[in-house]
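J.: Quick one, structure for this:
(one chain, ligands or ions: 4)
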Amino acid sequence: MNLSQLIRDLEEMAVLLELDGANPFKVGAYPKASRALKGNADEVHAHLENGTLTEIEGIGKGIASKIEEYHATGKIEELEELRKKIPGGLVDMTRIPGFGAKKAKAVYKELGIDNLEDLGKACEDGTLAALKGFGEKTAENVVQGIRQLASYTGRHRLDSALMTAIPILEALRGQSDVLQAELAGSLRRRKETVGDLDFVVATKKPAAVMDFFVGMKGVTSILGKGETKASVMLHGATQADLRCVTETEFPYTLLHFTGSKEHNTRLRQLAKEQGLKLNEYGLFPEGKEKALPARSEADVYKHLGLAEIAPELREDMGEVEAAAEKRLPTLITRNDFRGMAHMHTTYSDGKPTPRLYAEWAVKQGISWMGIADHSRSLTVANGLSEERVLAQHKEIDAVNEEFAGKKVRLLKGIESDILQDGSLDYPTKFLANFEFIVASVHTHFNLTEKEQTARIIKAIENPHTTILGHPSGRLLLAREAYSCDLRAIIRAAAENGVAIEINANPWRLDLDWRLVHYAIEKGCRLSIGPDAHAMDGLEDIKYGLAMARKGWVEPDHLVNTMSTGEFLKFAAARK
Ligand code: DGT
Ligand code: CA
Ligand code: CA
Ligand code: ZN
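T.: Numbers count the residues shown, from 1 in each chain. Ligands and ions are numbered 1, 2, ... in the order given. So this is what the prediction gives:
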């Protein structure tokens, strides 16, 4: 089930009901429920399975049935009805800060305005300011609010963007007129969320390629189409841009449209200092019309006196200087992996048995797999009692015996809840049964920054903690991180020899890559954790890997590159 979509739907319900004039009690229940879902995201699924949604504080019977309806059918009938009845533009208006349903209804009733564009115009020509109860100041705020809105909406998670983009890229490459095709933009840089999909194509027949692009399956509207540029809207409100150029221009155009804008600006400055002019068509010596020849991006960087910079690094975080001084990081690759920690089994809320993970490891050439189910306090996720932990250990021993000849070992870990006071789940004596522990926050998201930071640092200082799991608790485009001082937490982890997870689940990608960079500087170890609940969840490590690369991670910075013995020693060193 798509939880973030459900949360958005419930929020939309509240607005539509209010616009429809429903009673405030009914209206108020929806935002409350959506907050409750965000606060208990990890547990929603288990509650659905058990039919216990109303046990979540803030979810009443009426809304529980809507959630169940969504779970079963993928939609909420009442919402569909409301959408038909109320102009969608009114909902957009209520997203403008300080502009609630009451104001939206007023402009609709008095001025007949039912969309943001017309509202913007009414601000500029003074119509809105003249309306009773609005005024100049409101009009100014609305103009600003509309601008802000445009920057939030329409972003997409990396995984869903890639799933849309890869088939398009392959289709482009399959066209006989296409000589080369690449992803560009934030997607090629593997940002955790992207605004739109960018494609660059080398061709002698741009018109044919453009026709193909705007005519593809999945295109819902054509936003623009020129001789070499096109923009389309795809299903799921995703925009895609295409740029067609000649093969000579291609490396330059690809470099330009990969960005980031800030990276490009640095390169242009550097070119200027060398008496060159860099743009999307080429690199031109002063006064010359012919560009320096380049067969690839590497050639362009070489002309500028730089080592080739991986797309993930192009964020103006010091990569241009590092490339000039030949000290770019040797980025981690999938081939460097020897093990990974944090996967769930049938014992808590995962689908695979421990044995399946061992089988997968054999196929992938991985030496160790760190099993980490939920701990006993997280009852909604079927957390393990002490008895069941011991039963699982017996099963793991049996699997290990079977796979010993194949040089694969399952490690006995747990994803221990960090309790409200910062202690770990289970009595201290029992914790000694685990070979490693991922400590994670799943509850009490609303503590103050000071309390939350102290709570997490206390867990880090616990000698049984090996890895701090998903440190910020964010769910991309769905739930903000809880407030805590992540820099202080990183420093504490570095001092205590605790690794910090880069959770590879595409909803999380947590630790944020911007802070991964900081963690390395502080000497903190990192762990790319699949947090798998099913076998295909293991494939998410590609997203974790991308974030690690964006954070300048080299093989030695990770626990994933350790041998089984090294990782066990790393975990034991703290006890
Ligand atoms: P997004 O789509 O918001 O996630 O981010 P990007 O980076 O994909 O941005 P987008 O799609 O607007 O443009 C793609 C790239 O094109 C961008 O990363 C750098 C380049 N670019 C776009 N506009 C400018 C500009 O005004 N100046 C420079 N130097 N580069 C630009
Ligand atoms: Ca883009
Ligand atoms: Ca774009
Ligand atoms: Zn977790």
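
J.: And for Met93, nearest residue in space, chain neighbours not counted?
T.: Ala104 (4.1 Å; Cβ to Cβ, 6 or more residues apart in numbering). The way it works is simple: take the backbone N, C-alpha and C, and place the C-beta from them, glycine included.

J.: distance of the one you found from ligand 3?
T.: Ala104 sits 30 Å away from ligand 3, going by Cβ to the ion, to the nearest Å.

J.: By proximity to ligand 2, which residue of this protein wins?
T.: Closest contact between the chain and ligand 2, by Cβ to the ion, is at Gly185 (3.1 Å).

J.: circling back to that earlier point, and the host helix or strand of the residue nearest to Met93, what other elements does it pack with?
T.: Under the criterion of DSSP states H and E, Ala104 resides in helix 101-111. Applying 3 or more Cβ pairs under 8 Å, 6 or more residues apart in numbering; DSSP states H and E, one finds that helix 101-111 makes contact with helix 3-19, helix 88-94, helix 116-124, helix 127-130.

J.: right, and those helices - which one's nearest ligand 3?
T.: helix 116-124 (20.9 Å).

J.: What residues of that closest one count as buried?
T.: Leu116, Leu119, Gly120, Ala122, Cys123 (16 or more other Cβ atoms under 10 Å).

J.: Between these, which sits nearest Glu110?
T.: Nearest to Glu110 out of the buried residues of helix 116-124 is Ala122 (Cβ to Cβ; 10.4 Å).

J.: gap between the nearest residue to the closest one once chain neighbours are set aside and Glu80?
T.: In this structure, Ala122 finds its nearest non-sequential neighbour in Leu128, 4.3 Å apart by Cβ to Cβ, 6+ apart. Look at Leu128 and Glu80: by Cβ to Cβ, to the nearest Å, they are 31 Å apart.

J.: Who has more neighbours out of these two?
T.: Leu128 (24 against 10; other Cβ atoms under 10 Å).

J.: got the contact list for that one?
T.: Contacts of Leu128 were listed using Cβ atoms under 8 Å, 6 or more residues apart in numbering, and they are Val107, Leu111, Leu119, Ala122, Phe134, Thr138, Ala139, Val142.

J.: And Gly60, by the same measure?
T.: Taking Cβ under 8 Å, 6+ apart, one finds Ala29, Ala33, Thr54 in contact with Gly60.

J.: Now tabulate those residues in JSON lines and tack on neighbour count, pLDDT and distance to ligand 2.
T.: Shown next, in JSON lines, are the contacts of Gly60 (neighbours: other Cβ atoms under 10 Å; pLDDT from 0 to 100; distance: Cβ to the ion, whole Å):
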{"residue": "Ala29", "neighbour count": "20", "pLDDT": "92", "distance to ligand 2": "38"}
{"residue": "Ala33", "neighbour count": "26", "pLDDT": "92", "distance to ligand 2": "34"}
{"residue": "Thr54", "neighbour count": "16", "pLDDT": "93", "distance to ligand 2": "42"}
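
J.: Inside helices: which ones of the residues you listed?
T.: Per DSSP state H, helices hold the following members of those: Ala29, Ala33.

J.: could the contacts of Gly60 be laid out in TSV, adding distance to Arg388?
T.: Below are these laid out as TSV (distance: Cβ to Cβ, whole Å):
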residue	distance to Arg388
Ala29	37
Ala33	32
Thr54	27
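
J.: Looking at the contacts of Gly60, which is nearest Arg295?
T.: Ala33 (56.8 Å).

J.: Grab the nearest non-local neighbour of that closest one.
T.: In space, Ala33 is closest to Ile63, 4.4 Å off (Cβ to Cβ, 6+ apart).

J.: before we move on, back to that, quick one: which of the buried residues of helix 116-124 is nearest to Arg525?
T.: Among the buried residues of helix 116-124, Leu116 lies closest to Arg525 (Cβ to Cβ), at 47.4 Å.

J.: Would you mind listing where the stretch 101-250 of the chain has pLDDT under the threshold?
T.: Scanning the stretch 101-250 of the chain for pLDDT under 70 picks out 148-153, 236.

J.: Run a quick neighbour tally on Lys522.
T.: Neighbouring residues of Lys522 were enumerated by other Cβ under 10 Å; the total is 14.

J.: Wait, it touches Ala494, no?
T.: Yes - if you go by Cβ atoms under 8 Å, Lys522 and Ala494 touch, sitting 4.4 Å apart.

J.: lowest confidence element among the helices and strands of this structure?
T.: helix 135-152 (a mean of 79; mean pLDDT, DSSP states H and E).

J.: The host helix or strand of Leu183 pairs with which strands, and in what direction?
T.: For Leu183, the element it lies in under DSSP H and E is strand 178-184. When pairing is defined by DSSP bridges, strand 178-184 lines up against strand 197-203 (antiparallel).

J.: angle of the very next helix or strand once past the partner strand against strand 178-184?
T.: Next in sequence after strand 197-203, counting helices and strands by DSSP H and E, comes helix 206-214. Orientation of helix 206-214 against strand 178-184 (axes from the mean of the first three to the mean of the last three Cα atoms, to 10 degrees) gives an angle of 50 degrees.

J.: and whichever helix or strand comes after helix 206-214, C-alpha only, in PDB?
T.: Remark: after helix 206-214, the chain's next helix or strand is strand 219-225, criterion DSSP H and E. The C-alpha atoms that make up strand 219-225 are tabulated as PDB, following Å, rounded to 0.1, in the frame of the first residue of the first chain:
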ATOM      1  CA  VAL A 219       2.400  10.900 -22.200                       C
ATOM      2  CA  THR A 220      -0.700  12.700 -20.900                       C
ATOM      3  CA  SER A 221       0.100  16.100 -22.400                       C
ATOM      4  CA  ILE A 222       2.700  17.900 -24.500                       C
ATOM      5  CA  LEU A 223       4.000  21.000 -22.600                       C
ATOM      6  CA  GLY A 224       6.200  22.200 -25.400                       C
ATOM      7  CA  LYS A 225       7.800  21.000 -28.600                       C
END
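
J.: Can you get me the start-to-end distance on stretch 295-312?
T.: Taking Cα to Cα, to the nearest Å, stretch 295-312 runs 21 Å from one end to the other.
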